[in-house]
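Trainee: can you look at this prediction? I've put the sequence above it.
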Amino acid sequence: MKIDKTKLIALVEKLNTSRILVVGDLALDEMVYGDTERISREAPVLILKHSHTNLILGAASNAAHNVSTINNGKISVLGIIGDDYQASDLIKAFEDANVNCEYLVTDKTRKTVTKTRISGSCFQSITQQIVRIDRQTDTPLSEETENKIIENLEKAIPGHDAVILSNYHIGTLTDKVIQKSIELCHKYNKIVVVDAQKDLDKYQRVTSMTPNLPDTQKYVGFEIKSTDDLKKAGRKLLKDTKADFVLVTCGSEGMAVFEKDDKFTKIPVFNKSEVFDVTGAGDTVTAVYTLALACGAEPVYAAIIGNIAAGIVVKQFGCATTNIEEIKEVIEQRINKI
């Protein structure tokens, strides 16, 4: 495909001009590391001597972090926290990442979603994850909490240029919250982009959505083995959701953008050789794609910028982020080789 490099760089330079709101399932990734010493005499388990703990923004929180590093903190989050120490840790992580927390809703009956991964290592060995502990509440939201979220939506959406609905299916995005978010985005003429793994037809008349290939296959009900299959799936997504356009991420095969009037564009991967960890790459795509749309990029160019950003973060371990200068550097180095 032919890409206007000058146009692409001009769009990237505008990525820090828009304000974004992330609504969804906020989470904290707690990474606990230690050195293995011996087997416990109390039970057949390892004893770890704690070395350090890293607190990382995960799930919808990671999308917000990706936005913040690019637009210099013009980002707010709206989601649920509990009344626990993990809530304090999550708020501190947001503050360290320059993310606005004023629209958070506290529900004392729910746990702050936290994924604790405990890893150990010993002399001359690689670090191995030993166990993961998930803290979350699986019961549906109370009507009171749901109404508080909707109140904060009404306060927050007018002051932002675009909204990301990030659904990890933990409970924040109820049908009522989804419908109200989209309704308010239409009322105030805001871009709304959906990142969800299932029930994609719940999101009616959004600006765009960013499902990956496996989730797309589950939704459409058939395996995507060819370009014709991919086009058929894209047409179904557009028809069922009435979205303005749809971006399907296809892993090592790049991305595909579907627009009205049967317009289809395949975008190649810009980094195939240096992939170390794909954790959080989908959040990066959605975050940067939304920023690009908000600054006026057409869907294909927004997708290209999101693709480049994802190609940068997969070269790092864990949920990573990027910035405008790194994206511009990749454009200068690689775009003429496509």
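Mentor: Happy to help now that I have it. Numbers count the residues shown, from 1 in each chain.

Trainee: every contact and neighbour count from this point should use C-alpha atoms.
Mentor: Fine.

Trainee: show me where the stretch 51-200 of the chain has its helices.
Mentor: Listed in chain order, the helices found in the stretch 51-200 of the chain under DSSP state H, counting those that start in this stretch are 60-71, 85-96, 143-156, 175-187.

Trainee: state the mean pLDDT of the second one.
Mentor: Right, helix 85-96. Here helix 85-96 scores 97 as its mean pLDDT.

Trainee: which residues sit against it?
Mentor: For helix 85-96, the surrounding residues in contact (Cα atoms under 8 Å, 6 or more residues apart in numbering) are 27-28, 55-57, 65, 81, 100-101, 112, 114.

Trainee: swap in the longest one?
Mentor: Judged by Cα under 8 Å, 6+ apart, the contacts made with helix 143-156 from elsewhere in the structure are 21, 78-79, 103, 105, 107, 174, 177, 180-181, 184.

Trainee: which one of the residues you listed is nearest to Ala196?
Mentor: Top of the list for closeness to Ala196, among the contacts of helix 143-156 and by Cα to Cα, is Thr174 at 12.5 Å.

Trainee: and Thr69, what does it touch?
Mentor: So Thr69 contacts 97, 321-323 (Cα under 8 Å, 6+ apart).

Trainee: if you set the cut-off to 10 Å instead, what comes out?
Mentor: Contacts of Thr69 were listed using Cα atoms under 10 Å, 6 or more residues apart in numbering, and they are 16, 75, 97-99, 321-324.

Trainee: redo those as JSON lines? Include neighbour count and distance to Ser226.
Mentor: Shown next, in JSON lines, are the contacts of Thr69 (neighbours: other Cα atoms under 10 Å; distance: Cα to Cα, whole Å):
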{"residue": "Asn16", "neighbour count": "21", "distance to Ser226": "37"}
{"residue": "Ile75", "neighbour count": "24", "distance to Ser226": "38"}
{"residue": "Ala97", "neighbour count": "19", "distance to Ser226": "41"}
{"residue": "Asn98", "neighbour count": "18", "distance to Ser226": "43"}
{"residue": "Val99", "neighbour count": "23", "distance to Ser226": "41"}
{"residue": "Thr321", "neighbour count": "23", "distance to Ser226": "32"}
{"residue": "Thr322", "neighbour count": "21", "distance to Ser226": "32"}
{"residue": "Asn323", "neighbour count": "20", "distance to Ser226": "34"}
{"residue": "Ile324", "neighbour count": "17", "distance to Ser226": "34"}
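
Trainee: figure out the length between the terminal residues of stretch 139-148.
Mentor: 17 Å (Cα to Cα, to the nearest Å).
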